[in-house]
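Trainee: Fold the following and give me the result.
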Amino acid sequence: MARHGDVRLHYSGAVLGIGVFDGDASAFAALQGEGAAAFEEQLSGLLAQGLARPEWWFVAEQAGTPVGRVAFMTDSPTPDAGSATDPLMEAFLIGLWLRWGTDDLEVGPRLLSAALPSVAALGPPIDARVNAESQSHPDRRRAVLEAAGFGLFQEKLGFVWQDEGSPVPLGDRLIFRSLPEVGESAFAAALSAGCAETLDRNDRYFYDLTGAQRWGEVMMGFLGPDDAPTWRLAYDADGRLVGYVMLSAFDDDVATITHIGVLPEHRGQGYIVDLLARATADALTRGFSSILSDVDTENLPMRAAMERAGHLPGVRPWHVWHYRFPPPD
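Mentor: The predicted structure follows:
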């Protein structure tokens, strides 16, 4: 099932062949067995959008039997040459399948080490994420990534608010205006101001990369079709901009806080809890039964604010480890 550019390696006395997969999305997805239909649907969608290419699909074989698979994607279409031109474009490792618990720690690092040079033009960096809720064997996946030279860039913990039938108490310190009321330019400017000196590692990386103005413009791209009324700016009684909160749909029943921030000059006064209360009330208005949001584990003030506002860790196993290759400095 592997074609041109095969690499042949020895492991545990056997020969391991690694190369670009020779087959279609259905056959590539089917290598993993359970969950193949969902992965095939994902691959087909990525192909249609120009975010994945068959030459970015790799397979490892031992004696003609597949023992590992990995693919790569980008978050925006690449030029015909298949290389990145926009420094904001992200490339991701997806579809990692191995024989978990058997030879995964032998095959996985060899498969990744052979595949990464072929997709080097997509980065750097190449991102890989492990989520304890949505992926099996998270600890073994992390071990494979680390053995292949990936480094941990960020770790995020899931926080959940659940509707228990009680009204959400709203304070009167802040005046909220929605995106349609203030306009996209004003909202983007607020995002640029509110992300300054952020403690979120991924946000800080891209804020430094884009510069303040473009950061806000890029973030506006996350607006969902029904989200505008629950993307809000917050002002104090004197009309000064204090911060923002952006509640979006996660799925049919669950919302998420896409982003939240308080301007640096207003931090330390507990406004983040007021923003969270507003978002929680908006979730009820929109008919969501819960809110799932994740927070950088190093952002201790945000973690504490989440819990004060009734958004609690440990309700769901959502926990994300964000790796990068080459590893972050």
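Trainee: give me phi/psi at G17?
Mentor: Main-chain torsions, G17, degrees, to the nearest 10: phi -100, psi 130.
Trainee: do the same with W56
Mentor: Dihedral angles for W56 - degrees, to the nearest 10 - are phi -100, psi 20.
Trainee: which one is R53 nearest to, not counting chain neighbours?
Mentor: Spatial nearest neighbour of R53, chain neighbours left out: G82 (6.6 Å); criterion: C-beta to C-beta, 6 or more residues apart in numbering. C-beta here means a position set from N, CA and C on the backbone, and glycine is covered the same way.
Trainee: ugh, typo on my part, it should be F250
Mentor: T256 (4.1 Å).
Trainee: so what's the residue nearest to R53 scoring on pLDDT?
Mentor: The score at G82 is 70. That number is its pLDDT.
Trainee: Likewise for A121?
Mentor: At A121 the predicted local distance difference test score is 84.
Trainee: Show the contacting residues for the residue nearest to R53.
Mentor: For G82, the contacting residues are R53, E55, A121, L122, by C-beta atoms under 8 Å, 6 or more residues apart in numbering.
Trainee: Could I get the average pLDDT for stretch 278-293?
Mentor: Per-region confidence: stretch 278-293 scores 96 on mean pLDDT.
Trainee: Report the buried residues of it.
Mentor: The neighbour-count criterion (16 or more other C-beta atoms under 10 Å) identifies R278, A279, T280, A281, D282, A283, L284, F288, S290, I291, L292, S293 as the buried residues of stretch 278-293.
Trainee: first to last residue in it, what's the distance?
Mentor: According to C-alpha to C-alpha, to the nearest Å, stretch 278-293 extends 15 Å from its N-terminal end residue to its C-terminal end residue.
Trainee: shift numbering so it begins at 392
Mentor: In the new numbering, first residue 392, that becomes stretch 669-684.
Trainee: Do a quick rundown of the helices in the stretch 492-641 of the chain.
Mentor: If DSSP state H, counting those that start in this stretch is used as the criterion, the helices of the stretch 492-641 of the chain fall at 495-506, 529-538, 570-573, 575-585, 592-601, 603-610.
Trainee: List the contacts of the fourth one.
Mentor: In this case it means helix 575-585. By C-beta under 8 Å, 6+ apart, helix 575-585 touches 570, 603-604, 606-608, 610-611, 622, 624, 632, 634-635, 650, 652-654.
Trainee: The residue most central in space within the chain bridge partners, please.
Mentor: Most central residue of the chain, judged by C-alpha distance to the mean C-alpha position with C-alpha atoms, centre = their mean, is R520 at 7.3 Å. On DSSP bridges, the residues paired with R520 through beta bridges are H713.
Trainee: element containing A429?
Mentor: Per DSSP states H and E: A429 is located in helix 427-440.
Trainee: And whatever helix or strand comes next after that helix, what does it pack against?
Mentor: Secondary structure here is assigned by DSSP H and E; on that basis, the next helix or strand after helix 427-440 toward the C-terminus is strand 448-453. Packed against strand 448-453, as judged by 3 or more C-beta pairs under 8 Å, 6 or more residues apart in numbering; DSSP states H and E, are the following elements: strand 405-411, strand 456-465, helix 495-506.
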